[in-house]
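Q: sequence first, predicted coordinates after that:
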Amino acid sequence: MLHLVNKSPFERNTLEACLKRAPKGSSILLYEDAVYAALQGTTLSAAMTQAAKTHDIYVLTPDLTARGLDGASILEGVRPVDYDRFVDLTADKGTVQSWL
């Protein structure tokens, strides 16, 4: 299953809810303002590093770029993807859950 999270983890608890409920081994894609959760040096860094040990966590590169960020600031274990890979993940996983 692919879980999609787009809300900033510093404004809403959407990502937190997703991480609590997504079964181990699930894939989670961070896009729009959720990309901030993938950054080093935040209050979420430790939790996200831990989550990357039990989930496949991806971040949408164009959304990082749109916010003036780059791949060098991403946490270890979080994989940057482009739109083509996003589409592939959606097709490969079959089921998609959007967290609003």
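A: Noted; the coordinates are in hand. Residues are numbered from 1 along each chain as shown.
Q: in contact with the residue positioned nearest the centre of the chain, which residues?
A: Centroid-nearest residue in the chain: residue 30, 2.8 Å away (criterion: C-alpha atoms, centre = their mean). Each residue near residue 30 by C-beta atoms under 8 Å, 6 or more residues apart in numbering is listed here: 5-6, 15, 37-38, 57-60, 78. All C-beta spots, glycine's among them, are computed from the backbone N, C-alpha and C.
Q: how much space separates the spatially closest residue to residue 41 that is not a sequence neighbour from residue 79?
A: Leaving aside its chain neighbours, residue 41 sits nearest to residue 73 (8.0 Å; criterion: C-beta to C-beta, 6 or more residues apart in numbering). Look at residue 73 and residue 79: by C-beta to C-beta, to the nearest Å, they are 14 Å apart.
Q: more neighbours: which of the two?
A: residue 79 (16 against 12; other C-beta atoms under 10 Å).
Q: and the closest residue to the more buried one other than its chain neighbours, bridged to which residues?
A: Nearest residue to residue 79, sequence neighbours excluded (C-beta to C-beta, 6+ apart): residue 58, at 5.0 Å. Here residue 58 shows beta-bridge partners residue 29, residue 79, assigned using DSSP bridges.
Q: next, count neighbours for residue 58.
A: Around residue 58 there are 21 residues (other C-beta under 10 Å).
Q: contact partners for it?
A: By C-beta under 8 Å, 6+ apart, the contact set of residue 58 is 27-30, 78-81, 85-86, 89.
Q: what do you get if the cut-off is 10 Å, keeping everything else the same?
A: Listed by C-beta atoms under 10 Å, 6 or more residues apart in numbering, the contact set of residue 58 reads 2, 4, 27-31, 38, 78-81, 85-86, 89.
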